[in-house]
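Enquirer: Sequence and predicted structure, then a few things I'm wondering about:
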Amino acid sequence: MGKTAITVNGTAASNIFPAIIIGVSAAATGDEVILFFTPGGAPNMVKGALEKINEETENMPDLMEMYEGLKMLGAKFLVCELAFGVHGFTEEDLREGSEVVGATTFVGAAQGAELTLSF
């Protein structure tokens, strides 16, 4: 079993779909999966954001099914604390299971990752 660390840097479908798809694939093979949502990607973790992207995207796998699968497989969803000052949302606005951390915490958690990706 390995470790996969993924950063999500934006809110476009081209940022979130690859991160979730690869995350699910890695988790399904037994990897520990850590997704870190930078200030640019953090709005994805606000309640309702993934549903909106899913509705606006055609011919792609169901984003919500993959997200729920990742949660069930134990993936960690880390949201950069700097996002709150940038976007003005609060921890209460985030999806359940999101953990607010600093970048240093992510770097520590990602230590030893065999695969690191950024979208």
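Expert: Yes, it's here.
Enquirer: any idea how far whichever strand or helix holds L70 is from the chain center?
Expert: L70 is located in helix 63-72, with elements delineated by DSSP states H and E. Averaging C-alpha positions (Cα atoms, centre = their mean, to the nearest Å) puts helix 63-72 11 Å from its chain's average.
Enquirer: what's downstream of it, the next helix or strand?
Expert: strand 76-80.
Enquirer: Show me what that following strand is packed up against.
Expert: strand 32-37, strand 98-101, helix 103-110 (3 or more Cβ pairs under 8 Å, 6 or more residues apart in numbering; DSSP states H and E). Just so you know, the C-beta spots here come from the backbone N, C-alpha and C atoms, and that holds for glycine as well.
Enquirer: can you redo those as a markdown table with mean pLDDT, distance to I6 and mean neighbour count?
Expert: Below are those laid out as a markdown table (pLDDT from 0 to 100; distance: least, Cβ to Cβ, whole Å; neighbours: other Cβ atoms under 10 Å):
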| stretch | mean pLDDT | distance to I6 | mean neighbour count |
| --- | --- | --- | --- |
| strand 32-37 | 98 | 5 | 24 |
| strand 98-101 | 97 | 15 | 18 |
| helix 103-110 | 97 | 9 | 14 |
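Enquirer: Just send those back as TSV, with distance to I20 too.
Expert: Listed next are these as TSV, based on distance: least, Cβ to Cβ, whole Å:
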stretch	distance to I20
strand 32-37	8
strand 98-101	14
helix 103-110	17
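Enquirer: Right, I'll leave it there.
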